[in-house]
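Chemist: could you look at this predicted model? Sequence included:
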Amino acid sequence: MIRRFAPWIAVGLASLALLAAIGLRSQSGSGPVPNGGVGGPFQLVDQAGKPTDQSVLKGKWSAVYFGYTYCPDFCPTTLTTLGGAIDRMGPRAKDFQVVFITVDPHRDTSAQLKTYLSSSEFPRGVIGLTGSDSAIAKVAKAYGVYYQKAGNGPSYSVDHSSAIYLMDPKGQFATVIPYGLTPDQAKDSIVKAMQDEAAHG
């Protein structure tokens, strides 16, 4: 039984470690955390096959999420939640985007990402990114993301951390949106970060 749940325990511990580290950097519970050592430059490819770098995060608030298209639970749930949050954001939605970065580049080609992200349940205009093994490893490390292949054969899975990274319009880290929130709760977290950033100039 312990062996069966070991990968998910590792995912949970990785997420808790990330949240603890960010909490230590933040010093206070209010306002965005400037960069916080989360994020950095990357060279990836979007679902249209277009080379894309960190500049895609500039100009809008971005929810950056690492997952994969064959994920049976965390990823579709998270994307559906973000879609619901956007629907509740009103005029602020135009200043917000979702960026989905795969941790399974072998299967998640640009074409696969395009098909997967076209679901009507997912956020409209979500940006899907893939790349080489080394490129994915580099960006995952920059964001403190845990991921590990589990199993063999074509039906393997990928264990991965489930936090959403909220980046401000300068492309800097603002806060973490944890897994398991309702669309309303996710919307409230995003809007609060927007309001805090506006208040702090």
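Modeler: Alright, I've got the coordinates.
Chemist: state the pLDDT value of the nearest residue to F42 once chain neighbours are set aside.
Modeler: Leaving aside its chain neighbours, F42 sits nearest to V139 (4.2 Å; criterion: CB to CB, 6 or more residues apart in numbering). The way it works is simple: take the backbone N, C-alpha and C, and place the C-beta from them, glycine included. What the model reports for V139 is a pLDDT of 97.
Chemist: and the strands in the chain, which stretches?
Modeler: Secondary structure of the chain (DSSP state E): strands at 43-46, 51-53, 61-67, 96-102, 127-130, 147-150, 157-160, 164-167, 173-177.
Chemist: out of those, the one nearest L113 is which?
Modeler: Nearest of the strands of the chain to L113, taken as CB to CB: strand 127-130 at 3.5 Å.
Chemist: quick one: strands adjacent to the closest one?
Modeler: strand 43-46 (antiparallel), strand 96-102 (parallel) (DSSP bridges).
Chemist: tell me how far it lies from the chain's centre.
Modeler: The chain centroid and the centroid of strand 127-130 are separated by 11 Å under CA atoms, centre = their mean, to the nearest Å.
Chemist: what about the residue nearest the centre of the chain, distance to T182?
Modeler: For the chain, Y65 is the residue whose C-alpha lies nearest the centre (CA atoms, centre = their mean; 1.2 Å). Look at Y65 and T182: by CB to CB, to the nearest Å, they are 17 Å apart.
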